[in-house]
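Student: okay, predicted coordinates and the sequence, questions at the end:
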Amino acid sequence: RKPKPELVYIISDVERRETKFRGRLGYACLNTILRNKKPASDAVFCSRTCRIDSIKKNGLDWVKELGRKNVQDLITMIQWNEDNNIRFLRLSSEMFPFASHPIYGYSLDYCSSLLAEAGALAKKYGHRLTTHPGQFTQLGSPKPGVIESSIRELEYHCQMLDLMGVGKDGVTIVHGGGVYDDKPGTIERIKTTIRDVLPQHVRERLVLENDELCYNADDLLPICEELDVPLVFDYHHDALKPSSIPPAAIIKRTNAIFARRGIRPKQHLSDPRPGAVTLMERRAHADRCERLPDELELEGIGIDVDLMIEAKDKEQAVLQLYRIYGLEEVKYESLRPPNENQTKETKGRKSNKKAK
């Protein structure tokens, strides 16, 4: 069989803009170029997972091998990022499937040498690695079992970062979660969990993030300032559930917490999908971002921060912003054209829950 000819991509010019921003841009969890390599056996990704039935059938060593392969591919991703001037990455929460499960969970010590290798490579290149546990991490739940599960999940993420030798910039981000028909009471439970229940090493990596449904900066900043927990400001979420505080003032206050803690500030950026009208539609992230926030131009507010680009096109969204603003050199062969037919679907993870 003749080998297929290499695809030739037509990459359009971008509208150039100026910026004072000199922080790092990053992407979350998956690299689209590496994930879509052909044949499929050559694909590189860090989210191999499974179902509990598969663990029962194949055993714990089998699921641990999935984790090992994920870390091996993480090393490849870190090298690709360095080759393309991307030095900020969020690790997949699925690196080690079911590691925090009450029955089928396991320590990551078996993979310590490989994790240390990945961490050493990131440190060598000056890359920042962070984590963002999923929506089931609920620090304000009224159910003790949910709190216990949430702490196990946070401990898993912390162990992964610790074994990689990641310093204090390797934060673990969580949302406020649900309100459980009693927002003031839930806020008090969140504070109690952070202050009195979380292990010290978990609390040291914890940062909170404003969300688009339940907890905006008005809700979280008082918690963050009282407990000295940084707030990761999400521009998209603030647009959907605005705070009474202007974004520049929010950033200034949370940057003060980051400074006290000796942690480099971090923010999140995404755009709603084109044509999105309803809240549910606007929650879905666009494939790419068209511009950097104005706040990043303000001295002492947003210039020296790291910005996580939460876009569907992952590394392509970062490379496009590099091209627009001239932030880094970009390899033409690493570029892919954008999808011209974005949908407004929220897909899976986004629920219909509403704040009360």
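Tutor: Nice, I can see it. Residues are numbered from 1 along each chain as shown.
Student: now residue 166: how far from residue 89?
Tutor: From residue 166 across to residue 89, the span is 11 Å (C-beta to C-beta, to the nearest Å). For glycine as for every other residue, the C-beta is placed from the backbone atoms N, C-alpha and C.
Student: I should have written residue 307 there, sorry.
Tutor: From residue 307 over to residue 89 (counting by C-beta to C-beta), the distance is 13 Å.
Student: need the overlap of contacts for those two.
Tutor: Counting by C-beta atoms under 8 Å, 6 or more residues apart in numbering, the shared contacts of residue 307 and residue 89 are residue 26.
Student: and the helices in the stretch 1-150 of the chain?
Tutor: Assigned by DSSP state H, counting those that start in this stretch, the stretch 1-150 of the chain shows helices spanning 32-35, 52-58, 60-83, 112-125, 144-163.
Student: residue 341 is nearest to which of the ones you listed?
Tutor: Proximity to residue 341, assessed across the helices of the stretch 1-150 of the chain by C-beta to C-beta, is greatest for helix 32-35 (16.4 Å).
Student: what is the least confident helix or strand in this protein?
Tutor: Sorted by mean pLDDT, DSSP states H and E, the helices and strands of the chain end with helix 279-283, the least confident at a mean of 88.
Student: before we move on, back to that, and the helices of the stretch 1-150 of the chain: which comes nearest residue 12?
Tutor: Of all the helices of the stretch 1-150 of the chain, it is helix 32-35 that lies closest to residue 12, at 17.7 Å by C-beta to C-beta.
Student: ok, residues contacting that closest one?
Tutor: 43-45, 73, 76-77, 80, 313-316, 334, 336.
Student: just the buried ones from those residues, in ChimeraX syntax?
Tutor: Selecting the buried subset of the contacts of helix 32-35 in ChimeraX, with 16 or more other C-beta atoms under 10 Å as the burial test, is done by:
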select :44,45,73,76,77,80,313,314,315,316,336
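Student: tell me which residues in stretch 220-233 are buried?
Tutor: Of the residues in stretch 220-233, 220-221, 223-224, 229-233 count as buried by neighbour count, 16+ other C-beta under 10 Å.
Student: output the below-cut-off pLDDT ranges for this structure.
Tutor: Residues of the chain meeting the criterion pLDDT under 70: 1-4, 343-356.
Student: that one: strands as residue ranges?
Tutor: 25-28, 88-90, 128-130, 172-175, 206-209, 231-234, 266-269, 306-309 (DSSP state E).
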